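1. can you look at this prediction? I've put the sequence above it.
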Amino acid sequence: MDNSSQSRKWFEFAQDDLSWSKASFKDGFLKGACFAAQQAAEKALKAYIISQGKNIKKIHDIRALLEECLKTDESFEELREECSTLNSYYAPTRYPDIGEFMDFNEKNAKEAYSFAENILSFIEKKLSVK
């Protein structure tokens, strides 16, 4: 599979995860909404990295993925706050012994979805330029 096809496939999965986040929020699964938003952002960043002809690392650290994107496009800097916030939702949403001190509320879930939506929109524009 060429880079363009692979990148598109990763971005499609990111879009699915964004939909998953929205559905989870609507159904009251706030941790799930936050986790799916993190996953959407992670996969969108990986889609961009692949589109640049680079190999992706098998990591879940959105901040590290952002740094990789910044190597080829400094405009990704505007996503730093969103990536930092979403990065904090990977493990605590999945494991009770890590997330026990984190409060997942409606505000967190709305913000997570909004941040992921912004990241996907930003990256979609970058991918359509190619």
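-> Yep, it's here. Predicted model, so just to flag it, every value in this text is computed and none were measured.
2. okay, now the unreliable bits of the chain?
-> By pLDDT under 70, the weakly predicted segments of the chain are 91-102, 129-130.
3. middle-most residue in it, spatially?
-> residue 41 (1.0 Å; Cα atoms, centre = their mean).
4. contacting residues for that one?
-> When contacts are counted by Cβ atoms under 8 Å, 6 or more residues apart in numbering, residue 41 is found next to 14, 62, 82, 83, 86, 115, 116, 119, 120. C-beta coordinates here come from the backbone N, C-alpha and C atoms, glycine included.
5. for it, what is the enclosing helix or strand?
-> In this assignment (DSSP states H and E), residue 41 forms part of helix 30-51.
6. tell me the helix or strand right after that helix.
-> Next along the chain from helix 30-51, counting by DSSP H and E, comes helix 62-70.
7. other SSEs contacting that following helix?
-> Judged by 3 or more Cβ pairs under 8 Å, 6 or more residues apart in numbering; DSSP states H and E, the packing partners of helix 62-70 are helix 30-51, helix 80-87.
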